[in-house]
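Peer 1: got a predicted structure plus its sequence, pasted below:
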Amino acid sequence: HRERRFHSHQGASLGGGRKRGAHHHAIGASRGGRTTKIHALTDDFGRPVAFALTPGNVHDLTGARAVLDIVRPRRRLLADRAYDARSLRDWLEERGAQAVIPPNPTRKHPHAYNKRAYRARNLIERMFCRLKDFRRVATRYDKLARNFLSAVLIAAATIWWCN
């Protein structure tokens, strides 16, 4: 048995590879550094309805499931290619909602989607642009996920009120 520390009271262990608790606080390593993804649902007017946070290195479907557990889509779900998965499409179909998601370009057999309805996806992009107008949301100074999410919710309430 070999000790990794020089002194018995030196501090945290030298191994581990990541800061402890980072994943728990929705912080993950991605191409751009340590980031957090905000997943959101909006109504037909582009007003934010539900949010979920995931670390930057977690697949988007994880965030989709977290948001859809909060609020179920009524008629259809418009999403970008990152959410293209058979499991999500089946889940939406079981609940009577239409998936308006373009196919991933790597698919051998791309599925059809409503291109006319997909044009309305700019509403969520505009909502994210308004959300990022708030410096606290755009830069994520908060270490704790709950504090960052509360800043996102305050910004969302302001967007809802001013929209």
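Peer 2: Structure's in. What do you need?

Peer 1: need phi/psi at the closest residue to residue 95 other than its chain neighbours.
Peer 2: Residue nearest to residue 95 in three dimensions, not counting chain neighbours: residue 72, with 6.0 Å by CB to CB, 6 or more residues apart in numbering. Placement of C-beta: from N, CA and C, glycine included. Residue 72 adopts backbone torsions of phi -90, psi 140, taken as degrees, to the nearest 10.

Peer 1: pLDDT score for residue 72?
Peer 2: pLDDT for residue 72: 80.

Peer 1: okay, now it: neighbour count?
Peer 2: 15 (other CB atoms under 10 Å).

Peer 1: now swap in residue 50 and tell me
Peer 2: Residues lying near residue 50 (other CB under 10 Å) number 16.

Peer 1: which residues touch the helix with the most length in the chain?
Peer 2: In the chain, taking DSSP state H as the definition, the longest helix is helix 145-162. If you take CB atoms under 8 Å, 6 or more residues apart in numbering as the criterion, helix 145-162 is touched by 24-27, 36, 38, 47-48, 51, 53, 127, 130-131, 134, 136-137, 140, 142.

Peer 1: what helix or strand is the most centrally placed residue in the chain located in?
Peer 2: For the chain, residue 39 is the residue whose C-alpha lies nearest the centre (CA atoms, centre = their mean; 2.9 Å). Using DSSP states H and E, residue 39 maps to strand 33-42.

Peer 1: quick check: angle from that strand to helix 145-162?
Peer 2: 40 degrees (axes from the mean of the first three to the mean of the last three CA atoms, to 10 degrees).

Peer 1: helix or strand right after strand 33-42?
Peer 2: Tracing the chain past strand 33-42, the next element assigned as helix or strand by DSSP H and E is strand 48-55.

Peer 1: immediately after that next one, which helix or strand?
Peer 2: Per DSSP H and E, strand 48-55 leads on to helix 60-70 as the next helix or strand towards the C-terminus.

Peer 1: contacting residues around residue 89?
Peer 2: 99, 101, 111.
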